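>>> I'll drop the sequence and a predicted model, then ask my questions.
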Amino acid sequence: MMKHLYIHIKYQSEHANISCQQCFGKRAAEGITPMALPDILTRTLRQIAPRKAKKHYIDPWRFLIPLVKGQVSTDYQRFWQKYYADLPSPSDKDTIKPGEEPQSAAYHYTAVKLSILQSLNLNPDLYPKRPSVLDIGTGTGHWIDFYLGEVFNASRVTGVEIAPSAAEFLREKYSSRSDVTIMEADISKPGFSLEDKVGIVNAIGVMFHIVPDEGWKRAIANIANALDYNGVILVGGQFRRIPPPLGGLVQFEKIPPGMNDEVKYVATKRLRSLGYWKKILGEHGLEVVDMIKTKAHPLISTPENNILVARHSRSKF
Ligand SMILES: C[S@@+](CC[C@H](N)C(=O)[O-])C[C@H]1O[C@@H](n2cnc3c(N)ncnc32)[C@H](O)[C@@H]1O
């Protein structure tokens with residue numbers, strides 16, 4: 001434990017020195033303006049602080065930067081389209097962030113799988129056998145492959161993708177499979193529907209990308225509608241202790257070049273507390289039955305690996 005702490009602090013401070021020098025050096029060349037200060041301060045704090053402090057106290061404050069600096073877009077459909085359009089042959093790691101290392105992406109996917117498998121092993125009766133699956137925010141199809149595999153042996157999988165180029169990539173990837181359907185759709189829009197209900201709704205790393213609260217609530221309503229009475233919902237992401245009035249702080253990312261010249265940031269992430277999740281799921285007759293947290297190593301940076309499991313509250317299991 002002490003050894004890990006020592007390595008962690010040493011690693012963080014070594015990186016902080018390098019990055020701060022680079023950061024200040026670059027800024028010095030550009031000329032440090034008052035508008036650049038929030039960026040510099042946040043970037044420096046993010047480099048120096050331990051991972052937990054960064055995640056829970058510093059990252060959320062990134063929301064101040066765009067507010068200080070100017071306009072923000074909420075056009076996340078265009079954001080995702082541009083994101084994938086820049087990647088002609090995307091792979092799993094690219095769905096985490098551009099330039100993600102294959103080994104940390106594999107670590108993340110394995111950790112999420114561990115969470116799902118823990119729930120499945122401890123509550124096998126909760127899960128329908130040979131389910132039909134709805135996978136939301138399919139990306140490059142990692143979870144389609146997982147559900148078609150021997151653990152769940154899904155009878156069919158429908159993948160939903162908001163980004164047209166990602167949907168096109170997926171259609172090509174699964175063109176020989178009659179048990180896979182790809183829908184190009186936004187789960188947060190009214191009118192989303194499936195012909196048949198599904199036994200599992202899987203939404204890994206996508207629900208927190210739905211920033212407007214009305215859209216997020218509509219996505220939950222759409223999921224509730226799509227779910228079979230004895231089915232389960234698996235949501236992967238972050239479930240923080242943030243009270244409902246705030247509903248979670250909004251985080252922003254710099255707009256990819258060429259997407260929009262008028263605004264500099266796009267709102268891409270909003271974290272909701274577990275309490276808020278429970279409240280809105282409850283309004284749709286759903287209840288949380290399990291919450292699995294799989295810890296990441298402090299030196300390996302991954303998105304969170306937690307899984308929230310929910311089902312219809314009056315389901316017979
Ligand atoms: C971080 S990636 C995760 C991809 C995949 N679930 C995985 O774990 O490998 C988020 C994905 O969700 C898609 N997405 C974002 N918002 C969406 C929405 N409202 N409806 C459908 N897909 C969405 C994005 O295009 C992107 O492919």
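Cool, the structure landed.
>>> Residue 183 and the ligand, how far apart?
Going from residue 183 to the ligand by C-beta to the nearest ligand atom, to the nearest Å gives 9 Å. (C-beta placed from N, C-alpha, C; glycine too.)
>>> With adjacent residues omitted, what lies nearest to that residue?
Once flanking residues are discounted, residue 183 sits nearest to residue 160: 4.9 Å by C-beta to C-beta, 6 or more residues apart in numbering.
>>> what does residue 137 give?
Counting by C-beta to C-beta, 6+ apart, the residue nearest residue 137 is residue 206, at 2.9 Å.
>>> what's the answer for residue 292, then?
Counting by C-beta to C-beta, 6+ apart, the residue nearest residue 292 is residue 115, at 4.1 Å.
>>> could you say what helices and strands the strand ranked longest in the chain packs with?
The residue-count maximum for a strand in the chain (DSSP state E) belongs to strand 227-237. Here strand 227-237 is seen to pack against helix 102-122, strand 198-204, strand 286-292, strand 306-312 when contacts are counted using 3 or more C-beta pairs under 8 Å, 6 or more residues apart in numbering; DSSP states H and E.
>>> which of the residues in stretch 90-106 are buried?
Of the residues in stretch 90-106, 90, 92-96, 100, 104-105 count as buried by neighbour count, 16 or more other C-beta atoms under 10 Å.
>>> Just the endpoints, please. Distance across that stretch?
End-to-end distance of stretch 90-106 (C-alpha to C-alpha, to the nearest Å): 15 Å.
>>> Show me what from the protein comes close to the ligand.
80, 92, 95, 136-137, 139, 142-143, 160-163, 166, 186-188, 204-206, 209-210 (C-beta under 6 Å from any ligand atom).
>>> from these, which ones fall inside helices?
80, 92, 95, 142-143, 166 (DSSP state H).
>>> what bridges to the residue nearest to residue 183?
Applying DSSP bridges to residue 160 yields these beta-bridge partners: residue 136, residue 183.
>>> I'd like to know how many residues surround it.
For residue 160, the neighbour count with other C-beta atoms under 10 Å is 25.
>>> And the one 4 residues further on, by the same measure?
For residue 164, the number of neighbouring residues by other C-beta under 10 Å comes to 14.
>>> what's it in contact with, if anything?
81, 184 (C-beta atoms under 8 Å, 6 or more residues apart in numbering).
>>> Determine which two of the buried residues of stretch 90-106 are furthest apart.
Greatest spacing in these, by C-beta to C-beta: 90 and 104 (16.5 Å).
>>> just for this protein, where's the confidence low?
1-42, 46, 51-74, 240-265, 315-317 (pLDDT under 70).
>>> ranges for the helices of the stretch 1-150 of the chain?
2-30, 37-48, 51-53, 64-69, 76-85, 92-96, 102-122, 142-148 (DSSP state H, counting those that start in this stretch).
>>> if we can go back for a sec, I'd like to know which of the buried residues of stretch 90-106 is nearest to residue 196.
Closest approach between the buried residues of stretch 90-106 and residue 196, by C-beta to C-beta: residue 95, at 27.0 Å.
>>> didn't residue 189 look like it was pressed against residue 218?
Yes: with contacts counted by C-beta atoms under 8 Å, residue 189 reaches residue 218, the gap being 7.0 Å.
>>> ok so, going back, partners of the longest strand of the chain in the sheet?
strand 198-204 (parallel), strand 306-312 (antiparallel).
>>> Would you mind giving those strands as CSV with mean neighbour count added?
CSV is the format used below for the strands paired with strand 227-237 (neighbours: other C-beta atoms under 10 Å):
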stretch, mean neighbour count
strand 198-204, 25
strand 306-312, 23
